[in-house]
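Asks: Have a look at this prediction, sequence included:
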Amino acid sequence: MEQGADVRNRIARISAHLNPSTDHIQVEGSSSLWRADCRAKGGSPGFRVAILGAAGGIGQPLSMLMKMNPFVSVLHLYDVVNAHGVTADISHMDTGAVVRGFLGQSQLEDALTGMDLVIIPAGVPRKPGMTRDDLFNINAGIVKTLCEGIAKCCPKAIVNVISNPVNSTVPIAAEVFKKAGIYDPKRLLGVTMLDVVRANTFVAEVLGLDPREVIVPVVGGHAGVTILPLLSQVKPPCSFTQEETEYLTSRIQNGGTEVVEAKAGAGSATLSMAYAAVKFADACLRGLRGDAGVVECAFVSSQALGLLSSQVTELPFFASRVRLGRNGVEEIYPLGPLNEYERVGLEKAKKELGGSIEKGVSFVRK
Ligand SMILES: NC(=O)c1ccc[n+]([C@@H]2O[C@H](COP(=O)([O-])OP(=O)(O)OC[C@H]3O[C@@H](n4cnc5c(N)ncnc54)[C@H](O)[C@@H]3O)[C@@H](O)[C@H]2O)c1
Ligand SMILES: O=C(O)C[C@H](O)C(=O)O
(Lines give C-alpha, C1' and ligand atoms only; values in the text may rest on other atoms or scores of the structure.)
(Ligands and ions follow the chains in the order given, each with its own letter.)
Protein backbone atom coordinates (compact mmCIF):
# COMPACT_ATOMS: atom_id res chain seq x y z
CA MET A 1 0.00 0.00 0.00
CA GLU A 2 1.26 3.46 -0.80
CA GLN A 3 1.50 5.89 2.09
CA GLY A 4 -0.10 9.35 1.98
CA ALA A 5 3.26 11.09 1.41
CA ASP A 6 4.07 8.77 -1.53
CA VAL A 7 0.73 9.51 -3.12
CA ARG A 8 1.26 13.25 -2.66
CA ASN A 9 4.72 12.95 -4.25
CA ARG A 10 3.25 11.14 -7.18
CA ILE A 11 0.57 13.79 -7.63
CA ALA A 12 3.28 16.46 -7.56
CA ARG A 13 5.29 14.57 -10.21
CA ILE A 14 2.26 14.10 -12.44
CA SER A 15 1.24 17.75 -12.08
CA ALA A 16 4.62 18.77 -13.43
CA HIS A 17 3.68 17.09 -16.71
CA LEU A 18 0.08 18.17 -16.96
CA ASN A 19 -1.74 21.37 -17.75
CA PRO A 20 -4.64 21.31 -15.27
CA SER A 21 -6.93 23.34 -17.53
CA THR A 22 -6.47 21.06 -20.51
CA ASP A 23 -5.56 17.58 -19.28
CA HIS A 24 -8.27 15.26 -18.12
CA ILE A 25 -6.85 12.30 -16.31
CA GLN A 26 -8.61 10.45 -13.54
CA VAL A 27 -6.50 10.56 -10.36
CA GLU A 28 -8.08 8.27 -7.80
CA GLY A 29 -6.01 5.37 -6.48
CA SER A 30 -2.38 4.43 -6.75
CA SER A 31 -2.86 2.23 -9.84
CA SER A 32 -4.60 4.97 -11.84
CA LEU A 33 -1.94 7.39 -10.63
CA TRP A 34 0.73 5.14 -12.08
CA ARG A 35 -1.05 4.89 -15.42
CA ALA A 36 -1.50 8.64 -15.63
CA ASP A 37 2.16 9.18 -14.76
CA CYS A 38 3.33 6.88 -17.57
CA ARG A 39 1.00 8.39 -20.12
CA ALA A 40 1.80 11.97 -19.16
CA LYS A 41 5.41 11.16 -20.06
CA GLY A 42 4.28 9.67 -23.38
CA GLY A 43 5.04 6.21 -22.00
CA SER A 44 2.29 4.28 -23.78
CA PRO A 45 3.01 3.13 -27.34
CA GLY A 46 1.18 4.71 -30.24
CA PHE A 47 1.00 7.86 -32.31
CA ARG A 48 0.30 11.47 -31.37
CA VAL A 49 -2.55 12.96 -33.37
CA ALA A 50 -3.90 16.53 -33.45
CA ILE A 51 -7.30 17.51 -34.83
CA LEU A 52 -7.62 21.19 -35.79
CA GLY A 53 -11.28 22.23 -35.86
CA ALA A 54 -12.15 19.50 -33.36
CA ALA A 55 -15.34 21.12 -32.05
CA GLY A 56 -17.05 21.29 -35.45
CA GLY A 57 -19.58 19.12 -37.23
CA ILE A 58 -16.82 16.85 -38.56
CA GLY A 59 -14.40 17.53 -35.72
CA GLN A 60 -16.55 16.09 -32.93
CA PRO A 61 -17.36 12.66 -34.38
CA LEU A 62 -13.83 12.53 -35.83
CA SER A 63 -12.38 13.17 -32.36
CA MET A 64 -14.59 10.47 -30.89
CA LEU A 65 -13.57 7.93 -33.53
CA MET A 66 -9.87 8.78 -33.19
CA LYS A 67 -10.16 8.29 -29.41
CA MET A 68 -11.31 4.75 -30.28
CA ASN A 69 -8.34 4.12 -32.59
CA PRO A 70 -5.89 1.69 -30.95
CA PHE A 71 -2.87 3.25 -32.73
CA VAL A 72 -3.40 6.62 -31.03
CA SER A 73 -1.72 7.27 -27.66
CA VAL A 74 -2.16 11.05 -27.45
CA LEU A 75 -5.02 13.03 -29.01
CA HIS A 76 -4.85 16.84 -29.11
CA LEU A 77 -8.16 18.61 -29.83
CA TYR A 78 -7.79 22.21 -31.03
CA ASP A 79 -10.48 24.71 -31.97
CA VAL A 80 -11.26 28.39 -31.61
CA VAL A 81 -14.50 27.51 -29.72
CA ASN A 82 -15.60 24.78 -27.27
CA ALA A 83 -12.37 22.76 -27.40
CA HIS A 84 -12.41 22.09 -23.66
CA GLY A 85 -16.05 20.96 -23.63
CA VAL A 86 -15.42 18.42 -26.40
CA THR A 87 -12.18 17.34 -24.69
CA ALA A 88 -13.85 16.81 -21.30
CA ASP A 89 -16.59 14.77 -22.94
CA ILE A 90 -14.31 12.57 -25.07
CA SER A 91 -11.74 12.10 -22.30
CA HIS A 92 -14.28 10.01 -20.34
CA MET A 93 -14.22 7.27 -22.99
CA ASP A 94 -12.37 4.26 -21.56
CA THR A 95 -9.98 3.84 -24.49
CA GLY A 96 -6.20 4.15 -24.52
CA ALA A 97 -5.51 7.63 -25.89
CA VAL A 98 -4.86 10.53 -23.53
CA VAL A 99 -6.92 13.54 -24.67
CA ARG A 100 -5.92 17.19 -24.26
CA GLY A 101 -7.84 20.28 -25.35
CA PHE A 102 -6.43 23.53 -26.77
CA LEU A 103 -8.48 26.67 -27.28
CA GLY A 104 -7.63 29.56 -29.58
CA GLN A 105 -4.57 30.78 -31.44
CA SER A 106 -2.48 31.25 -28.29
CA GLN A 107 -2.62 27.46 -27.69
CA LEU A 108 -2.05 26.36 -31.29
CA GLU A 109 1.67 25.75 -30.83
CA ASP A 110 1.14 23.60 -27.72
CA ALA A 111 -1.52 21.65 -29.63
CA LEU A 112 0.91 20.89 -32.45
CA THR A 113 4.21 20.27 -30.74
CA GLY A 114 5.38 16.67 -31.13
CA MET A 115 2.49 15.48 -33.32
CA ASP A 116 2.93 12.59 -35.79
CA LEU A 117 -0.33 13.22 -37.66
CA VAL A 118 -2.36 16.43 -37.96
CA ILE A 119 -5.92 16.31 -39.33
CA ILE A 120 -7.50 19.61 -40.45
CA PRO A 121 -11.31 19.85 -40.66
CA ALA A 122 -11.29 23.56 -39.61
CA GLY A 123 -13.30 26.02 -41.69
CA VAL A 124 -16.77 26.89 -42.88
CA PRO A 125 -19.01 24.40 -44.70
CA ARG A 126 -21.27 25.01 -47.72
CA LYS A 127 -24.90 26.07 -47.71
CA PRO A 128 -27.32 25.18 -50.55
CA GLY A 129 -26.47 27.04 -53.77
CA MET A 130 -22.77 27.40 -52.94
CA THR A 131 -19.81 25.69 -54.59
CA ARG A 132 -16.83 24.52 -52.57
CA ASP A 133 -14.83 27.31 -54.20
CA ASP A 134 -17.21 29.83 -52.58
CA LEU A 135 -15.56 28.80 -49.27
CA PHE A 136 -12.11 29.85 -50.49
CA ASN A 137 -12.14 33.40 -49.09
CA ILE A 138 -12.62 32.23 -45.50
CA ASN A 139 -11.00 28.81 -45.46
CA ALA A 140 -7.81 29.73 -47.36
CA GLY A 141 -6.70 32.01 -44.51
CA ILE A 142 -7.64 29.45 -41.84
CA VAL A 143 -5.64 26.68 -43.51
CA LYS A 144 -2.69 29.00 -44.11
CA THR A 145 -2.47 29.99 -40.43
CA LEU A 146 -2.81 26.41 -39.21
CA CYS A 147 -0.12 25.21 -41.62
CA GLU A 148 2.25 27.96 -40.45
CA GLY A 149 1.83 26.46 -36.97
CA ILE A 150 2.53 22.95 -38.29
CA ALA A 151 5.67 24.18 -40.10
CA LYS A 152 6.96 25.64 -36.84
CA CYS A 153 5.94 22.98 -34.31
CA CYS A 154 5.74 19.59 -36.06
CA PRO A 155 7.38 19.93 -39.49
CA LYS A 156 7.73 16.15 -39.87
CA ALA A 157 4.05 15.39 -39.21
CA ILE A 158 1.82 13.77 -41.81
CA VAL A 159 -0.90 16.32 -42.65
CA ASN A 160 -4.44 15.35 -43.74
CA VAL A 161 -6.33 18.34 -45.19
CA ILE A 162 -10.14 18.09 -45.11
CA SER A 163 -11.07 21.82 -45.26
CA ASN A 164 -12.63 22.84 -48.58
CA PRO A 165 -11.94 23.63 -51.31
CA VAL A 166 -9.44 20.75 -51.04
CA ASN A 167 -8.30 21.37 -54.64
CA SER A 168 -6.96 24.75 -53.43
CA THR A 169 -6.28 24.24 -49.70
CA VAL A 170 -3.72 21.48 -50.33
CA PRO A 171 -1.69 23.74 -52.69
CA ILE A 172 -1.98 26.48 -50.03
CA ALA A 173 -0.53 24.11 -47.42
CA ALA A 174 2.28 23.15 -49.81
CA GLU A 175 3.20 26.78 -50.44
CA VAL A 176 3.24 27.57 -46.70
CA PHE A 177 5.53 24.60 -46.09
CA LYS A 178 7.79 25.62 -49.00
CA LYS A 179 8.08 29.15 -47.61
CA ALA A 180 9.07 27.70 -44.24
CA GLY A 181 11.64 25.44 -45.94
CA ILE A 182 10.15 22.21 -44.59
CA TYR A 183 7.99 21.01 -47.50
CA ASP A 184 7.97 17.24 -47.93
CA PRO A 185 5.34 16.41 -50.57
CA LYS A 186 5.10 12.84 -49.28
CA ARG A 187 3.65 14.10 -46.00
CA LEU A 188 0.86 16.33 -47.32
CA LEU A 189 -2.38 14.60 -48.31
CA GLY A 190 -5.77 16.04 -49.27
CA VAL A 191 -8.56 13.82 -47.98
CA THR A 192 -10.74 12.56 -50.85
CA MET A 193 -11.74 9.39 -49.00
CA LEU A 194 -15.40 10.45 -48.80
CA ASP A 195 -15.61 10.24 -52.60
CA VAL A 196 -14.34 6.66 -52.43
CA VAL A 197 -16.69 5.80 -49.54
CA ARG A 198 -19.65 7.18 -51.52
CA ALA A 199 -18.55 5.47 -54.72
CA ASN A 200 -18.23 2.11 -52.93
CA THR A 201 -21.73 2.57 -51.48
CA PHE A 202 -23.50 3.68 -54.67
CA VAL A 203 -21.77 1.08 -56.87
CA ALA A 204 -22.59 -1.68 -54.36
CA GLU A 205 -26.26 -0.61 -54.47
CA VAL A 206 -26.32 -0.95 -58.28
CA LEU A 207 -24.50 -4.29 -58.21
CA GLY A 208 -26.52 -5.66 -55.28
CA LEU A 209 -23.34 -6.27 -53.25
CA ASP A 210 -22.21 -5.53 -49.71
CA PRO A 211 -20.34 -2.14 -49.94
CA ARG A 212 -17.50 -3.63 -47.90
CA GLU A 213 -16.77 -5.96 -50.82
CA VAL A 214 -16.48 -3.14 -53.36
CA ILE A 215 -13.48 -0.92 -54.13
CA VAL A 216 -13.87 2.00 -56.54
CA PRO A 217 -10.80 4.10 -57.36
CA VAL A 218 -11.73 7.80 -57.48
CA VAL A 219 -9.08 10.13 -58.90
CA GLY A 220 -8.69 13.79 -59.91
CA GLY A 221 -9.80 16.17 -57.18
CA HIS A 222 -12.57 16.91 -54.72
CA ALA A 223 -15.18 19.12 -56.42
CA GLY A 224 -17.78 18.46 -59.13
CA VAL A 225 -16.29 17.24 -62.41
CA THR A 226 -12.82 16.95 -60.84
CA ILE A 227 -14.15 13.92 -58.92
CA LEU A 228 -13.47 11.12 -61.40
CA PRO A 229 -14.64 7.61 -60.44
CA LEU A 230 -12.91 4.93 -62.51
CA LEU A 231 -15.85 2.57 -62.92
CA SER A 232 -13.91 0.47 -65.43
CA GLN A 233 -11.52 -0.48 -62.59
CA VAL A 234 -14.04 -1.48 -59.92
CA LYS A 235 -13.18 -4.50 -57.80
CA PRO A 236 -14.63 -7.10 -58.03
CA PRO A 237 -14.51 -6.80 -61.83
CA CYS A 238 -17.92 -5.88 -63.28
CA SER A 239 -19.47 -3.91 -66.09
CA PHE A 240 -22.08 -1.16 -66.28
CA THR A 241 -24.51 -0.01 -68.95
CA GLN A 242 -24.03 3.52 -70.28
CA GLU A 243 -27.06 4.59 -68.25
CA GLU A 244 -25.61 3.10 -65.05
CA THR A 245 -22.24 4.73 -65.75
CA GLU A 246 -23.81 8.16 -66.17
CA TYR A 247 -26.04 7.75 -63.11
CA LEU A 248 -23.16 6.57 -60.89
CA THR A 249 -20.66 9.19 -62.09
CA SER A 250 -23.15 11.99 -61.54
CA ARG A 251 -24.23 10.70 -58.10
CA ILE A 252 -20.61 10.34 -56.93
CA GLN A 253 -19.64 13.78 -58.26
CA ASN A 254 -22.69 15.38 -56.60
CA GLY A 255 -22.71 13.39 -53.36
CA GLY A 256 -21.62 16.41 -51.34
CA THR A 257 -24.33 18.60 -52.85
CA GLU A 258 -26.91 15.87 -52.15
CA VAL A 259 -26.08 16.14 -48.42
CA VAL A 260 -25.86 19.96 -48.44
CA GLU A 261 -29.36 20.16 -49.95
CA ALA A 262 -30.80 17.55 -47.59
CA LYS A 263 -29.38 19.47 -44.59
CA ALA A 264 -31.02 22.61 -46.04
CA GLY A 265 -28.68 25.22 -44.56
CA ALA A 266 -27.43 23.22 -41.55
CA GLY A 267 -24.07 22.41 -43.13
CA SER A 268 -22.57 19.65 -45.25
CA ALA A 269 -21.53 16.04 -44.70
CA THR A 270 -20.15 15.58 -41.19
CA LEU A 271 -20.83 12.01 -40.02
CA SER A 272 -19.91 10.21 -43.23
CA MET A 273 -16.92 12.57 -43.49
CA ALA A 274 -15.76 11.75 -39.97
CA TYR A 275 -16.05 8.05 -40.87
CA ALA A 276 -14.06 8.60 -44.07
CA ALA A 277 -11.45 10.77 -42.31
CA VAL A 278 -10.84 8.11 -39.68
CA LYS A 279 -10.61 5.40 -42.33
CA PHE A 280 -7.97 7.52 -44.05
CA ALA A 281 -6.12 8.53 -40.87
CA ASP A 282 -6.04 4.90 -39.79
CA ALA A 283 -4.43 4.01 -43.15
CA CYS A 284 -1.82 6.76 -42.64
CA LEU A 285 -1.03 5.43 -39.15
CA ARG A 286 -0.77 1.86 -40.41
CA GLY A 287 1.65 3.15 -43.05
CA LEU A 288 3.67 5.02 -40.42
CA ARG A 289 3.77 1.83 -38.36
CA GLY A 290 5.31 0.00 -41.31
CA ASP A 291 2.37 -2.14 -42.41
CA ALA A 292 2.69 -3.42 -45.98
CA GLY A 293 0.19 -2.89 -48.79
CA VAL A 294 -1.67 0.16 -47.43
CA VAL A 295 -3.25 1.71 -50.53
CA GLU A 296 -5.85 4.51 -50.59
CA CYS A 297 -6.83 7.40 -52.86
CA ALA A 298 -5.66 10.89 -51.87
CA PHE A 299 -5.03 14.33 -53.41
CA VAL A 300 -1.24 14.62 -53.43
CA SER A 301 1.61 16.37 -55.13
CA SER A 302 2.31 14.71 -58.46
CA GLN A 303 6.00 14.99 -57.59
CA ALA A 304 5.60 13.40 -54.17
CA LEU A 305 8.31 10.92 -55.03
CA GLY A 306 10.59 13.48 -56.61
CA LEU A 307 10.55 11.62 -59.92
CA LEU A 308 9.07 13.20 -62.99
CA SER A 309 8.50 9.75 -64.43
CA SER A 310 6.05 9.03 -61.60
CA GLN A 311 3.92 12.04 -62.49
CA VAL A 312 0.35 10.89 -63.11
CA THR A 313 -0.70 13.98 -65.11
CA GLU A 314 0.95 17.28 -66.03
CA LEU A 315 -0.81 18.95 -63.07
CA PRO A 316 1.18 19.65 -59.88
CA PHE A 317 -1.50 17.96 -57.72
CA PHE A 318 -3.86 15.12 -58.51
CA ALA A 319 -5.87 12.57 -56.53
CA SER A 320 -4.54 9.09 -57.23
CA ARG A 321 -4.21 5.71 -55.63
CA VAL A 322 -1.19 5.94 -53.38
CA ARG A 323 0.71 3.49 -51.20
CA LEU A 324 1.22 4.76 -47.68
CA GLY A 325 4.29 3.96 -45.63
CA ARG A 326 6.68 5.18 -42.95
CA ASN A 327 7.25 8.49 -44.76
CA GLY A 328 3.69 9.11 -45.95
CA VAL A 329 3.21 8.64 -49.71
CA GLU A 330 5.66 5.93 -50.81
CA GLU A 331 4.25 5.24 -54.26
CA ILE A 332 1.79 6.88 -56.65
CA TYR A 333 0.04 4.46 -58.96
CA PRO A 334 -0.59 5.38 -62.60
CA LEU A 335 -4.19 5.89 -63.68
CA GLY A 336 -4.28 2.58 -65.54
CA PRO A 337 -6.31 1.93 -68.68
CA LEU A 338 -9.27 4.36 -69.03
CA ASN A 339 -12.30 3.88 -71.25
CA GLU A 340 -13.52 6.62 -73.59
CA TYR A 341 -16.04 7.99 -71.04
CA GLU A 342 -13.28 8.28 -68.42
CA ARG A 343 -10.82 9.87 -70.88
CA VAL A 344 -13.36 12.62 -71.61
CA GLY A 345 -14.00 13.01 -67.87
CA LEU A 346 -10.27 13.27 -67.22
CA GLU A 347 -9.88 16.18 -69.64
CA LYS A 348 -12.78 18.05 -67.97
CA ALA A 349 -11.34 17.34 -64.53
CA LYS A 350 -7.85 18.56 -65.45
CA LYS A 351 -9.21 21.81 -66.90
CA GLU A 352 -11.02 22.76 -63.68
CA LEU A 353 -8.35 21.39 -61.37
CA GLY A 354 -5.57 23.48 -62.93
CA GLY A 355 -7.38 26.73 -62.08
CA SER A 356 -8.17 25.68 -58.50
CA ILE A 357 -4.54 24.66 -57.86
CA GLU A 358 -3.26 27.95 -59.29
CA LYS A 359 -5.70 29.90 -57.11
CA GLY A 360 -4.31 28.23 -53.97
CA VAL A 361 -0.69 28.74 -55.00
CA SER A 362 -1.13 32.44 -55.77
CA PHE A 363 -3.00 33.03 -52.48
CA VAL A 364 0.24 32.32 -50.61
CA ARG A 365 2.70 33.70 -53.18
CA LYS A 366 0.87 37.06 -53.65
N1 LIG B 1 -12.71 16.81 -47.78
C2 LIG B 1 -13.97 16.44 -47.69
O3 LIG B 1 -14.37 15.41 -48.26
C4 LIG B 1 -14.95 17.23 -46.87
C5 LIG B 1 -16.17 16.67 -46.50
C6 LIG B 1 -17.04 17.39 -45.71
C7 LIG B 1 -16.69 18.69 -45.32
N8 LIG B 1 -15.50 19.21 -45.69
C9 LIG B 1 -15.08 20.55 -45.27
O10 LIG B 1 -14.66 20.51 -43.90
C11 LIG B 1 -14.79 21.81 -43.32
C12 LIG B 1 -15.46 21.71 -41.96
O13 LIG B 1 -16.79 21.27 -42.08
P14 LIG B 1 -17.74 21.14 -40.78
O15 LIG B 1 -19.04 20.65 -41.26
O16 LIG B 1 -17.03 20.41 -39.72
O17 LIG B 1 -17.86 22.69 -40.38
P18 LIG B 1 -18.25 23.28 -38.94
O19 LIG B 1 -18.53 24.72 -39.13
O20 LIG B 1 -19.28 22.43 -38.30
O21 LIG B 1 -16.90 23.10 -38.10
C22 LIG B 1 -15.74 23.79 -38.42
C23 LIG B 1 -14.94 24.00 -37.16
O24 LIG B 1 -13.77 24.70 -37.49
C25 LIG B 1 -13.53 25.62 -36.45
N26 LIG B 1 -12.64 26.68 -36.87
C27 LIG B 1 -12.92 27.79 -37.58
N28 LIG B 1 -11.82 28.54 -37.72
C29 LIG B 1 -10.82 27.89 -37.10
C30 LIG B 1 -9.44 28.13 -36.90
N31 LIG B 1 -8.86 29.24 -37.38
N32 LIG B 1 -8.73 27.25 -36.20
C33 LIG B 1 -9.31 26.11 -35.73
N34 LIG B 1 -10.60 25.82 -35.88
C35 LIG B 1 -11.34 26.70 -36.57
C36 LIG B 1 -14.89 26.13 -36.04
O37 LIG B 1 -14.87 26.73 -34.75
C38 LIG B 1 -15.70 24.84 -36.08
O39 LIG B 1 -15.69 24.19 -34.84
C40 LIG B 1 -15.55 22.64 -44.35
O41 LIG B 1 -14.65 23.43 -45.06
C42 LIG B 1 -16.19 21.60 -45.26
O43 LIG B 1 -16.45 22.09 -46.54
C44 LIG B 1 -14.63 18.51 -46.45
O1 LIG C 1 -19.94 19.04 -50.33
C2 LIG C 1 -19.36 19.69 -49.47
O3 LIG C 1 -19.37 20.92 -49.45
C4 LIG C 1 -18.64 18.96 -48.36
C5 LIG C 1 -17.74 17.87 -48.85
O6 LIG C 1 -16.79 18.33 -49.74
C7 LIG C 1 -18.49 16.68 -49.39
O8 LIG C 1 -18.09 16.15 -50.42
O9 LIG C 1 -19.46 16.25 -48.75
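Replies: Perfect, thanks for sending it. Ligands and ions are numbered 1, 2, ... in the order given.
Asks: all strands of the stretch 51-200 of the chain, in order?
Replies: 72-79, 98-103, 117-120, 158-161, 188-190 (DSSP state E, counting those that start in this stretch).
Asks: what would those look like in JSON lines with mean pLDDT?
Replies: JSON lines is the format used below for the strands of the stretch 51-200 of the chain (pLDDT from 0 to 100):
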{"stretch": "strand 72-79", "mean pLDDT": "98"}
{"stretch": "strand 98-103", "mean pLDDT": "98"}
{"stretch": "strand 117-120", "mean pLDDT": "99"}
{"stretch": "strand 158-161", "mean pLDDT": "99"}
{"stretch": "strand 188-190", "mean pLDDT": "98"}
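Asks: Go through the ones you listed and pick out the most buried.
Replies: Of all those, strand 188-190 has the most neighbours on average by mean count of other Cβ atoms under 10 Å, namely a mean of 28. In this view, the C-beta of every residue, glycine as well, is placed from N, C-alpha and C.
Asks: Report the closest residue of the stretch 151-300 of the chain relative to ligand 1.
Replies: With Cβ to the nearest ligand atom, the shortest gap between the stretch 151-300 of the chain and ligand 1 falls at Asn164, namely 3.4 Å.
Asks: again but with the chain, I slipped
Replies: Relative to ligand 1, the nearest point of the chain is Gly56 (2.1 Å; Cβ to the nearest ligand atom).
Asks: For the closest residue to that residue other than its chain neighbours, give its distance to ligand 2.
Replies: Using Cβ to Cβ, 6 or more residues apart in numbering and skipping the chain neighbours, the partner closest in space to Gly56 is Pro121 (6.1 Å). Look at Pro121 and ligand 2: by Cβ to the nearest ligand atom, to the nearest Å, they are 10 Å apart.
Asks: which ones are touching the residue of the chain closest to ligand 1?
Replies: Residues near Gly56 by Cβ atoms under 8 Å, 6 or more residues apart in numbering: 79, 121-122, 270.
Asks: Provide the backbone phi and psi angles at the residue of the stretch 151-300 of the chain closest to ligand 1.
Replies: Phi and psi for Asn164, reported as degrees, to the nearest 10, are phi -90, psi 160.
Asks: so what's it up against?
Replies: Asn164 sits next to 123, 125-126, 132, 135, 139, 222-223 when contact means Cβ under 8 Å, 6+ apart.
Asks: Ok, Leu315 next?
Replies: Neighbours of Leu315 in contact, by Cβ under 8 Å, 6+ apart: 302, 350, 353-354, 357.
Asks: Mind checking which of those residues are in strands?
Replies: The strands, defined by DSSP state E, take in nothing from those.
Asks: Pipe the residues you listed into JSON lines and attach pLDDT per row.
Replies: Formatted as JSON lines, the contacts of Leu315 follow (pLDDT from 0 to 100):
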{"residue": "Ser302", "pLDDT": "85"}
{"residue": "Lys350", "pLDDT": "97"}
{"residue": "Leu353", "pLDDT": "98"}
{"residue": "Gly354", "pLDDT": "97"}
{"residue": "Ile357", "pLDDT": "98"}
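Asks: need the residues of this protein near ligand 2, please.
Replies: 125-126, 132, 164, 194, 222, 255-256, 259-260, 268-269 (Cβ under 6 Å from any ligand atom).
Asks: Which of those residues sits closest to Arg212?
Replies: Relative to Arg212, the closest of these is Leu194; by Cβ to Cβ it sits at 16.3 Å.
Asks: unless I'm mixing things up, that closest one is touching Leu271, no?
Replies: No. The pair Leu194 and Leu271 fails to qualify as a contact (Cβ atoms under 8 Å) at a distance of 10.7 Å.
Asks: Mind checking which of the two has more residues around it?
Replies: Shown here are Leu194 and Leu271; by other Cβ atoms under 10 Å, Leu194 has more neighbours (25 against 13).
Asks: Just give the closest residue to that one, not the sequence neighbours.
Replies: Nearest non-adjacent residue to Leu194 (Cβ to Cβ, 6+ apart): Ala276, at 4.1 Å.
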